[in-house]
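K.L.:
no sequence on this one, just coordinates:
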Ligand SMILES: CCC(=O)NCCS(=O)(=O)O
């Protein structure tokens, strides 16, 4: 039994889980997504250089990864602070900020945002996808990677004393690379030592989530304390989704607010609308998974902030919850999705 047992770890210290309130389990408050820049469609090169003005916002919504400036969320701390105050006003309590090594995690800024706004912020330990791993990281043994992750939770990360309260988002591609597989095994070993929550960014293929679970399980990970993110852009077949749900992880729909015609990282993917996301949640509830669902917006580009006409961090609380109720998900089940499930996941064993 460790000092963390029965507690949640925020950037301001340990917290009684009952204090979390409504929780978005997958957000970013400060990060860079430059690693995933995608060239603009042919002929749109000049549009991609446009200043951030109203008439440009629809293009950005359709092509968020093709404008360098849009990928620098870390330049918007003031706007994010305002958004967090609005999030509290809308009834939000906690945000899991799962920016990991490779996409410019900034723990002092997270701590300051938590102090300024009263929103509980939980930071992420570990590493993002392979293309962000340094040569040194790629050469590390699973043991060394485990030591780093454990230390980020127990002592603090990036040379600070600010401690992470969750492992992840741990980045994986499809197929999973050798370096990513090592990080997954290290995450499982660290989780076995610490009894902490883990969150995974799977590759963009329906086979990816189950393969991650297999690797974690073989390395001693606790799948019942693991969130599988981004199911919205990963499963497009109900039977496949329900087959995956049987494996026992938390099931996260975390791209609420994202609507785009062409998903550049995999053109085979038809990005769902928010209505289709709610439909998927209703299906999971009907099939008995109400204790396993968690939700978020995964804001990682500037255009999604309300400052730029985006939906912001309060969209789920303001717009999606009423839609969930309208589509047969009860208030009790909504509370499980927003409060009870995140609380159970985030509490150290
Ligand atoms: C760092 C943010 C992130 O990984 N978001 C997921 C984007 S996507 O894979 O769903 O396109």
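P.N.:
Now that the structure is in, tell me what you want to look at. Note that the coordinates shown come from a computational prediction; the quantities given were computed from them, not determined experimentally. Numbering: from 1, shown residues only.

K.L.:
I'd like the distance between residue 345 and residue 261.
P.N.:
For residue 345, the distance to residue 261 equals 33 Å [CB to CB, to the nearest Å]. Quick note: C-beta positions are derived from backbone N, CA and C, even for glycine.

K.L.:
So between the two, which is more surrounded?
P.N.:
Using other CB atoms under 10 Å as the criterion, residue 345 and residue 261 rank with residue 345 on top: 26 against 9.

K.L.:
so that one sits right up against residue 225, yeah?
P.N.:
Yes - taking CB atoms under 8 Å as the definition, residue 345 is a contact partner of residue 225 at 6.3 Å.

K.L.:
any shared contact partners between the two?
P.N.:
Common contacts of residue 345 and residue 225 (CB atoms under 8 Å, 6 or more residues apart in numbering): residue 197.

K.L.:
for residue 168, helix, strand, or coil?
P.N.:
strand (DSSP: H, G, I helix; E, B strand; the rest coil).

K.L.:
so it makes contact with residue 122?
P.N.:
No - using CB under 8 Å, residue 168 makes no contact with residue 122, being 10.9 Å away.

K.L.:
contacting residues for residue 57?
P.N.:
Contacts of residue 57 (CB under 8 Å, 6+ apart): 303, 308, 309.

K.L.:
Please identify the helix or strand for it.
P.N.:
According to DSSP states H and E, residue 57 maps onto helix 57-62.

K.L.:
any idea of the mean pLDDT in that helix?
P.N.:
Here helix 57-62 scores 95 as its mean pLDDT.

K.L.:
check whether that helix contacts the ligand.
P.N.:
No - using CB under 6 Å from any ligand atom, we find that helix 57-62 stays clear of the ligand, coming within 13.8 Å at best.

K.L.:
Please identify the buried residues of that helix?
P.N.:
Residues of helix 57-62 classed as buried by neighbour count (16 or more other CB atoms under 10 Å): 59, 60, 61.

K.L.:
after it, next one along is what?
P.N.:
Next element after helix 57-62 (DSSP H and E): helix 77-89.

K.L.:
That next one packs against which elements?
P.N.:
helix 107-117 (3 or more CB pairs under 8 Å, 6 or more residues apart in numbering; DSSP states H and E).

K.L.:
who's in contact with the helix it packs on?
P.N.:
By CB under 8 Å, 6+ apart, helix 107-117 touches 10-12, 29-30, 74, 77, 80-81, 84-85, 87-88, 97, 119-121, 123, 156-158, 160, 162.

K.L.:
Can you name the residues of this protein that neighbour the ligand?
P.N.:
33, 103, 201, 230, 233, 255, 265, 298, 300.

K.L.:
Now do the phi/psi pair for the residue of the chain at minimum distance from the ligand.
P.N.:
In the chain, the residue that lies nearest the ligand is residue 300 (3.8 Å; CB to the nearest ligand atom). When read as degrees, to the nearest 10, the backbone of residue 300 gives phi -140, psi 10.

K.L.:
among the contacts of residue 57, who's most crowded?
P.N.:
Most surrounded of the contacts of residue 57: other CB under 10 Å gives residue 303, at 22 neighbours.

K.L.:
okay, now residue 243: neighbour count?
P.N.:
13.
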